[in-house]
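Enquirer: For reference, the sequence and a predicted model appear below.
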Amino acid sequence: MHLQANTRSDDRRPTKVRVRNLMNKKPVSMFLSAAMVLSAAVYGFGQAAPSHHSFTVSGKRFLLDGQPYQIISGEMHYPRVPRAYWRDRFRKARAMGLNTITTYVFWNLHEPRPGVYDFAGQNDIAEYIREAQQEGLNVILRPGPYVCAEWELGGYPSWLLKDRSLVLRSQDPKYTAAVERWFTRLAKEITPLLLRNGGPIIAVQVENEYGSFGDDHAYVEGLKKLIEKTGMAPDVLYTADGPEEIPKGSLPELPAVINFGTGEAKNSFAVLDSLRPDGPHMSGEYWAGWFDHWGEKHHQTNGANEAAELEWMLSQGYSVSMYMFHGGTSFGWMNGANSNGTNYEPDTTSYDYDAPLDERGTPRQKYFLFRDVIARVTGHPAAEVPPPLPVKEFPLTAGTESASLWSNLPKPVESDALLTMEDMDQSYGYVLYRTRLEAGTGGELNIEGLHDYAQVYLDQKLMGALDRRLATSQLKLPAIAGPATLDILVENSGRVNFTKVIRGERKGITGKVTVAGKEPKHWQIFPLPMDNVGQLHYVLEPCEGPCFKRTTLVASIADTYVDTTALHKGEVWINQRPLGRFWSIGPQHTLLVPAPWLHRGLNEIVFFDLLSEPSQPLKTTDKPIFDRALAHRE
């Protein structure tokens, strides 16, 4: 059985400079209005940009066709928004006053196995860029290859970790060769969409916040040359870092933009001005919200403060890209995690981010605050906001089928050594380690290198759970009267996406297992990628423990949420498409079901719960459920 989804404490941002100062407003700079009008003329709705247009840097300003141009952008990621909703989100971006969309490119989506590429459907980044252009938006592309983004392994495909000698984000020839092959293929999608070729891509980022990781300028220079070699380079290449990290992560010949959060704009731009007095002034990421970790509170930020700061930046003539404009959802298994080498903080499936558009694309109060600011500064009237998309509660049928994990195991790999997921060419899901214990065995079970969450069983009876997040790696096993089967069921809870921890972020058990100080000598290892939950053997019987449950939802075409408050820990699928993870520790207690993924009438819902109970009343709701929100970021 194959059970795989398709699909920043020390986190990514707190490692960066956070200088705070009181904001004070200045007179509005008026040059942007003409630039916005020019942008609308160049990129009218449904019109392609002629190939003779140019986008360049002149001192502290960007120039579009030789005229001053202020970038007002928002980040939005194509895999986090259902394809059918891309245009809706682009239109809402335009209505807020944005003239540009910024996006990463996610390598692990497009090359799930070496040499196997996927640019279809939800992964059609070229179509995403074309639709942005058709809706009157320019595009800033951030191809990485490392992207961070609270995304699984920072966008790297997990198969890179199979070779333990390969060093990510380095000049290791094995790594750079893989990147070159990937960029060469990606260029086929991207090059036709550069501004000079009639597309909307005005700028491309080199690497991503590298100054927060290292200071190997030759490595960054190599990536710059590779982007140029493959044909993906527009007239403007740039780097992005925290202000204090610019000397480590930037290249002297390229513009450097800065990333920072609420309250940091004035001091951050002062640092940029001291380091790059003759370069363009832009915030490559203005953090208009924050993300959630499992076991923490849901984050909300102060939209009024952010709007005031946005107004100050725009009034200076600075360019801005807010992160995020719309966060969306890290569907399936694609959430990342933070780690400083000792801790582990997995991210939730929801990437709501308290962004101007909420998880399902509905404008919240800060959207209108930002919209008013942009219209006021630019002198360009705000466009009408598209109507909200429908959301409903839907009934579920009464009957529920079940499939015990124990009855649906695939053929195991026999091994004397413990293997990781990567050793078995597995990216996501679970792995089950099984061995036999002799009579009289008991005492302390110790797991070295648990990545990330394990439930331990003796003869399929749960003994306890171990959690990398809590740094637990030991539990007491009772002495057994006769031979018994030891099972260790391990979940990949999301690969770390920030810090040098990424270089060893393999999943499963990465060290050794001992029971009372002794290592078991032989293992059966069951890879459980969970990629075909529709083909399990379901029965009309109650099921407890690690079980799959299947039922049906009766729907019209509208968004809804699956309410997971009755569940414990696991995953949900709709029509065999993975929605994401649930965990009773919160803060997330619903999973978004987008209308385009539903059929009229009956829809199949499957959920896998590590702690299934005979009766678990699943239901839907028309509102997301989060724990009470924090008033500020951590």
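Expert: That came in fine, so what should we check first?

Enquirer: what sits against K162?
Expert: 422-423, 425 (Cβ atoms under 8 Å, 6 or more residues apart in numbering). C-beta coordinates here come from the backbone N, C-alpha and C atoms, glycine included.

Enquirer: Any chance of TSV for those, columns pLDDT, neighbour count and secondary structure?
Expert: Shown next, in TSV, are the contacts of K162 (pLDDT from 0 to 100; neighbours: other Cβ atoms under 10 Å; DSSP: H, G, I helix; E, B strand; the rest coil):
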residue	pLDDT	neighbour count	secondary structure
E422	98	20	helix
D423	98	19	helix
D425	98	13	coil
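
Enquirer: Which one of these is nearest to R506?
Expert: Using Cβ to Cβ, E422 comes nearest to R506 of the contacts of K162, at 5.0 Å.

Enquirer: from the contacts of K162, which single one is nearest E519?
Expert: The shortest approach to E519 among the contacts of K162 belongs to D423, at 17.6 Å (Cβ to Cβ).

Enquirer: what's the pLDDT at E285?
Expert: pLDDT recorded at E285 is 98.

Enquirer: what packs against the helix or strand containing it?
Expert: Using DSSP states H and E, E285 sits within strand 282-287. Judged by 3 or more Cβ pairs under 8 Å, 6 or more residues apart in numbering; DSSP states H and E, strand 282-287 is in contact with strand 236-241, strand 256-261, helix 265-275, helix 303-315, strand 319-323.

Enquirer: relative orientation of the fourth one and strand 319-323 in degrees?
Expert: It stands for helix 303-315. Angle, helix 303-315 to strand 319-323, by axes from the mean of the first three to the mean of the last three Cα atoms, to 10 degrees: 150 degrees.

Enquirer: do the third one as well
Expert: For the pair helix 265-275 and strand 319-323, the angle between their directions (the same axes, to 10 degrees) equals 130 degrees.

Enquirer: Pull out the buried residues from helix 265-275.
Expert: Within helix 265-275, the residues that count as buried by 16 or more other Cβ atoms under 10 Å are 265-269, 271-272.

Enquirer: Tell me the one among those residues nearest to Q205.
Expert: Minimum distance to Q205 across the buried residues of helix 265-275 is 16.0 Å, recorded for L272 (Cβ to Cβ).

Enquirer: So which other helices or strands are in contact with the helix or strand that F62 is a member of?
Expert: Assigned by DSSP H and E, F62 belongs to strand 61-64. If contacts are counted by 3+ Cβ pairs under 8 Å, 6+ apart, strand 61-64 sits against helix 31-42, strand 55-58, strand 67-69.

Enquirer: quick one: buried residues of the shortest one?
Expert: Okay, so that is strand 67-69. Applying 16+ other Cβ under 10 Å to strand 67-69 flags 68-69 as buried.

Enquirer: Next secondary structure after it?
Expert: Downstream of strand 67-69, the next assigned helix or strand under DSSP H and E is strand 72-75.

Enquirer: Now do that following strand, average pLDDT.
Expert: Per-residue pLDDT over strand 72-75 has a mean of 98.

Enquirer: In CSV, list the C-alpha atoms belonging to it.
Expert: What follows is strand 72-75, C-alpha atoms only, in CSV (Å, rounded to 0.1, in the frame of the first residue of the first chain):
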residue,chain,number,x,y,z
ILE,A,72,3.5,48.4,-5.0
SER,A,73,3.4,44.7,-4.7
GLY,A,74,2.0,41.8,-2.7
GLU,A,75,3.3,38.3,-2.3
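
Enquirer: rewinding a little: any chance of the contacts of K162 in CSV, plus distance to E244?
Expert: Below are the contacts of K162 laid out as CSV (distance: Cβ to Cβ, whole Å):
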residue, distance to E244
E422, 35
D423, 39
D425, 41
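
Enquirer: Go through these and name the one nearest A479.
Expert: For the contacts of K162, the minimum distance to A479 (Cβ to Cβ) is 32.4 Å, reached by D423.

Enquirer: list the contacts for the closest one?
Expert: 162, 506.

Enquirer: Quick check: it vs S165, distance?
Expert: D423 sits 14 Å away from S165, going by Cβ to Cβ, to the nearest Å.

Enquirer: Would you agree G289 is in contact with H298?
Expert: No. G289 lies out of contact with H298 (Cβ atoms under 8 Å); the separation is 11.0 Å.

Enquirer: More neighbours: which of those two?
Expert: Neighbours of G289 and H298, each counted by other Cβ atoms under 10 Å, are more numerous for G289; the result is 25 against 22.

Enquirer: ok so, going back, and the helices and strands packed on strand 61-64, which one's lowest on average pLDDT?
Expert: helix 31-42 (a mean of 33).
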